[in-house]
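[1] this one's sequence-less:
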């Protein structure tokens, strides 16, 4: 098996324990092992702060943007290797792997281009000079300065490429050294990408570190000027929030967690809107086997459209081919591992007690995959009385599972969508522009992103579940309360806002 080493203090270090084995989720083959036992994280973090931070900050924004561009070139040159790893370790078909691999590279590229246009100064301005005294003899200028600590990037299993680079790009562009902690089960792809970048010598010493496996005291060696960016379950986020470094010392945390996202068909139920909604629901159920934090979990439709939509979805889902992604004609691969398969089965068992099964893909044949593989075809539930079944609004089954839900009127639709108590995204399908705009405002406080789809944008919209670097990614409440990306807004997390109060001559010198 391949051994996934850790990269700390600019050297590759093996863990001192037995490690965790990574498997092919379809064929069950052992692929690699990851271990972080025995790492001296205090020394590793000090090296990152003292070497990586100053070296990055000395480059300025444009200089750091140029480094991101060089990373893009390295990743582009090695893409085929990454696709092979994703096929074997994540069990995804090539189109699904592309969302992760190409999405990560695109995000890096976007920040490289955006960063090249930033000021040559060592900080970012925030607003204008504001007088604090008569005749402007004393004033304040808010600026954002890069933090002089480090950023720990804790990523989920479903996006080992995109999850890495969507955090790393704004952090490195800001001048902050990063410590990458990928989910162990799919860490191989992250490891190979970082190894390729390290071997090219693109980043200055200490700018990037990698921890594979489960180390002792990941957060213990932090101080109050460091930050943590996390993607994963709400339970893990709660554990992180209770850690003394975050709870007592003030380490800043950004969390992106569970989300029961909605797709909503407008009350006009325009035939084109129906077609677009059905198509997008099927895509979201099958892409990466539904293992996306932004995937559609609830489908809200007018009561009179419930049966028609249920039939349309069932017909299209019946045509989805599920099995070994190595075989031609397979549209949907497997879940990431057997543990995730059991978790999804447990979630399905819960929903079965509260909702009807409208389509059960488990009755279909899984193609060219062993019976003990992690493959699981889609399952569509339906509930005709959604007000009486809170479970369908609370339980997120992280797999190819969604629930069809009827609503009585517009206010009822908004009410049902908000019962997710904080979601990453809601997508709305309608030709009624007033309904679309009112819905965006009605759901804005409970969703990080509202995706409005009409026939006019049917061929160009980026998709319900696709996260673009130009748009905010995050959500309130159970979605974690954090935000990422959103263009250059992402840099704010890696900066500190400071009010500089001085006379006009001093402020003019500060601003150059």
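    In hand now; what should we look at? Model, not experiment: these values are computed from the prediction. Residues are numbered from 1 along each chain as shown.
[2] now do residue 135, the pLDDT please.
    Looking at residue 135, its pLDDT is 87.
[3] with the one 5 residues further on instead?
    For residue 140, the model assigns a pLDDT of 97.
[4] please name the nearest non-neighbouring residue to residue 401.
    Of all residues not flanking residue 401 in the chain, residue 379 sits nearest, at 5.0 Å (Cβ to Cβ, 6 or more residues apart in numbering). Yep, even glycine has a C-beta here, placed from its N, CA and C like the rest.
[5] also residue 477?
    Here the residue nearest residue 477, using Cβ to Cβ, 6+ apart, is residue 422, at 2.1 Å.
[6] how many neighbours does that neighbour have?
    By the criterion of other Cβ atoms under 10 Å, residue 422 has 21 neighbours.
[7] list the residues that contact the residue nearest to residue 401.
    348, 357, 359-362, 400-401 (Cβ atoms under 8 Å, 6 or more residues apart in numbering).
[8] measure it to residue 474 for me?
    28 Å (Cβ to Cβ, to the nearest Å).
[9] before we move on, back to that, residues contacting the residue nearest to residue 477?
    259, 446-447, 475-481 are the contacts of residue 422 under Cβ under 8 Å, 6+ apart.
[10] just those residues now: which is nearest residue 435?
    When those are ranked by distance to residue 435 (Cβ to Cβ), residue 447 comes first, at 16.0 Å.
[11] so for the residue nearest to the spatial centre of the chain, what's the pLDDT?
    In the chain, the residue lying closest to the centroid (Cα atoms, centre = their mean) is residue 163, at 5.5 Å. Note on residue 163: pLDDT of 96.
[12] for it, helix, strand, or coil?
    Following DSSP: H, G, I helix; E, B strand; the rest coil, residue 163 is assigned to helix.
[13] list the contacts for it?
    So residue 163 contacts 104, 155-156, 182, 231 (Cβ under 8 Å, 6+ apart).
[14] which among these gets closest to residue 142?
    Of these, the one sitting nearest to residue 142 (Cβ to Cβ) turns out to be residue 231, at 29.3 Å.
[15] list the buried ones in whatever helix or strand residue 166 lives in?
    Per DSSP states H and E, residue 166 falls inside helix 162-174. Going by neighbour count (16 or more other Cβ atoms under 10 Å), the buried part of helix 162-174 is 162-174.
[16] do the same with stretch 319-333
    Those would be 320-325, 330-333, for stretch 319-333 by 16+ other Cβ under 10 Å.
[17] between the residues you listed, which is closest to residue 311?
    residue 320 (15.8 Å).
[18] so the closest one: helix, strand or coil?
    coil.
[19] in contact with residue 274, which residues?
    Per Cβ under 8 Å, 6+ apart, neighbours of residue 274: 265, 305, 308-309, 312, 429.
[20] of all those, which two lie farthest apart?
    Going by Cβ to Cβ, the pair spanning the contacts of residue 274 furthest: 308 and 429, at 14.0 Å.
[21] could you pull out the strands for the stretch 351-500 of the chain?
    Assigned by DSSP state E, counting those that start in this stretch, the stretch 351-500 of the chain shows strands spanning 356-360, 379-382, 401-407, 423-429, 447-453, 472-475, 482-485, 495-502.
[22] turn the ones you listed into JSON lines, including mean pLDDT and distance to residue 243.
    Shown next, in JSON lines, are those (pLDDT from 0 to 100; distance: least, Cβ to Cβ, whole Å):
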{"stretch": "strand 356-360", "mean pLDDT": "97", "distance to residue 243": "41"}
{"stretch": "strand 379-382", "mean pLDDT": "98", "distance to residue 243": "36"}
{"stretch": "strand 401-407", "mean pLDDT": "98", "distance to residue 243": "32"}
{"stretch": "strand 423-429", "mean pLDDT": "98", "distance to residue 243": "24"}
{"stretch": "strand 447-453", "mean pLDDT": "97", "distance to residue 243": "25"}
{"stretch": "strand 472-475", "mean pLDDT": "96", "distance to residue 243": "21"}
{"stretch": "strand 482-485", "mean pLDDT": "95", "distance to residue 243": "16"}
{"stretch": "strand 495-502", "mean pLDDT": "97", "distance to residue 243": "21"}
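[23] looking at those strands, which is buried most?
    Comparing these by mean neighbour count (mean count of other Cβ atoms under 10 Å), strand 423-429 ranks first with a mean of 28.
[24] related to what we said a few turns ago, out of the buried residues of stretch 319-333, who's nearest residue 200?
    Set against residue 200, the nearest of the buried residues of stretch 319-333 by Cβ to Cβ is residue 325 (29.7 Å).
[25] would the closest one count as being in a helix?
    No - using three-state DSSP, the assignment for residue 325 is coil, not a helix.
[26] leaving out sequence neighbours, find the closest residue to it.
    Nearest to residue 325 is residue 333, by Cβ to Cβ, 6+ apart, at 3.8 Å.
[27] pretty sure that neighbour sits against residue 91.
    Yes - between residue 333 and residue 91 there is a contact under Cβ atoms under 8 Å: 4.4 Å.
[28] quick check: of the contacts of residue 274, which has the highest neighbour count?
    residue 429 (30 neighbours).
[29] distance of it relative to residue 182?
    For residue 429 relative to residue 182 (Cβ to Cβ), the value is 35 Å.
[30] got it, and residue 339?
    Taking Cβ to Cβ, one finds residue 339 at 16 Å from residue 182.
[31] higher neighbour count, those two?
    With neighbours defined as other Cβ under 10 Å, residue 339 and residue 182 compare such that residue 182 has more, 29 against 13.
[32] what about the closest residue to that one other than its chain neighbours, which helix or strand?
    Excluding its sequence neighbours, the residue lying closest to residue 182 (Cβ to Cβ, 6+ apart) is residue 190, at 4.0 Å. Assigned by DSSP H and E, residue 190 belongs to helix 187-199.
[33] now that helix: mean pLDDT?
    98.
[34] from the contact counts, what lies against that helix?
    strand 2-4, strand 6-8, strand 30-34, helix 53-77, helix 79-89, helix 94-115, helix 162-174, strand 208-210 (3 or more Cβ pairs under 8 Å, 6 or more residues apart in numbering; DSSP states H and E).
[35] how about those in a markdown table, adding distance to residue 383?
    Putting those into a markdown table (distance: least, Cβ to Cβ, whole Å) gives the following:
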| stretch | distance to residue 383 |
| --- | --- |
| strand 2-4 | 43 |
| strand 6-8 | 47 |
| strand 30-34 | 40 |
| helix 53-77 | 44 |
| helix 79-89 | 35 |
| helix 94-115 | 29 |
| helix 162-174 | 32 |
| strand 208-210 | 44 |
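[36] tell me which of these sits nearest to residue 236.
    The nearest among those, by Cβ to Cβ, is helix 162-174 at 14.2 Å.
[37] residue ranges for the helices of the stretch 151-300 of the chain, please.
    Secondary structure of the stretch 151-300 of the chain, counting by DSSP state H, counting those that start in this stretch: helices at 162-174, 187-199, 234-241, 244-247, 271-286.
[38] now those helices in JSON lines, with distance to residue 366?
    Putting those into JSON lines (distance: least, Cβ to Cβ, whole Å) gives the following:
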{"stretch": "helix 162-174", "distance to residue 366": "27"}
{"stretch": "helix 187-199", "distance to residue 366": "24"}
{"stretch": "helix 234-241", "distance to residue 366": "30"}
{"stretch": "helix 244-247", "distance to residue 366": "43"}
{"stretch": "helix 271-286", "distance to residue 366": "14"}
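[39] please identify the deepest-packed of those helices.
    helix 162-174 (a mean of 27).
[40] report the angle between it and helix 187-199.
    For helix 162-174 against helix 187-199, the angle by axes from the mean of the first three to the mean of the last three Cα atoms, to 10 degrees is 30 degrees.
[41] gap between helix 162-174 and the chain center?
    The chain centre lies 12 Å from the centre of helix 162-174; the measure is Cα atoms, centre = their mean, to the nearest Å.
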